[in-house]
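> compute the structure for the input listed below.
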Amino acid sequence: MQPLIEQIGAPAFGQLLRKRRKSLNLTQMQLAQIVNMRQATISKVENNPTKCEYDTIFRVCSALDEQQSSVSVND
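The predicted structure is shown next:
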């Protein structure tokens, strides 16, 4: 099975990440602080994920999942 980024294409994948981040009411800076990365790296993941290491993408996706879980538990 192909990774999602390869199945739907990099631009669509980046848009999904941005949409998920915004649905959690996080700025790029806030997400960057959560994953201990620069804001520019988050922007790169959202705008051109093919130029990123898979580890970077994985860390961002994991953080978004953890934030979603946190929001669900607190609601």
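> so is the closest residue to Arg38 other than its chain neighbours in a helix, a strand, or just coil?
Nearest non-adjacent residue to Arg38, counting by C-beta to C-beta, 6 or more residues apart in numbering: Ala32, 6.0 Å away. (Each C-beta comes from the backbone N, C-alpha and C, glycine too.) Secondary structure, DSSP: H, G, I helix; E, B strand; the rest coil: Ala32 is helix.
> assign a three-state SS to Asn25, would you?
coil.
> roughly how far apart are it and Gln67?
9 Å (C-beta to C-beta, to the nearest Å).
> give me the more crowded residue out of those two.
A direct count of neighbours by other C-beta atoms under 10 Å for Asn25 and Gln67 places Gln67 higher, at 19 against 9.
> what's around Phe13, how many residues?
Phe13 has 21 neighbouring residues, counting by other C-beta under 10 Å.
> apologies, that question was intended for Asn47.
Asn47: 15 neighbours (other C-beta under 10 Å).
> quick check: closest non-adjacent residue to it.
Take Asn47 and drop its neighbours on the chain: the residue closest to it by C-beta to C-beta, 6+ apart is Gly14, 5.7 Å away.
> do the same with Leu17
Spatial nearest neighbour of Leu17, chain neighbours left out: Glu46 (5.3 Å); criterion: C-beta to C-beta, 6+ apart.
> my guess is that neighbour meets Lys19, correct?
No - using C-beta atoms under 8 Å, Glu46 is not in contact with Lys19; the gap is 9.5 Å.
> in terms of neighbours, single out the busier of these two.
Ranked by neighbour count (other C-beta under 10 Å), Glu46 and Lys19 place Glu46 first, with 22 against 11.
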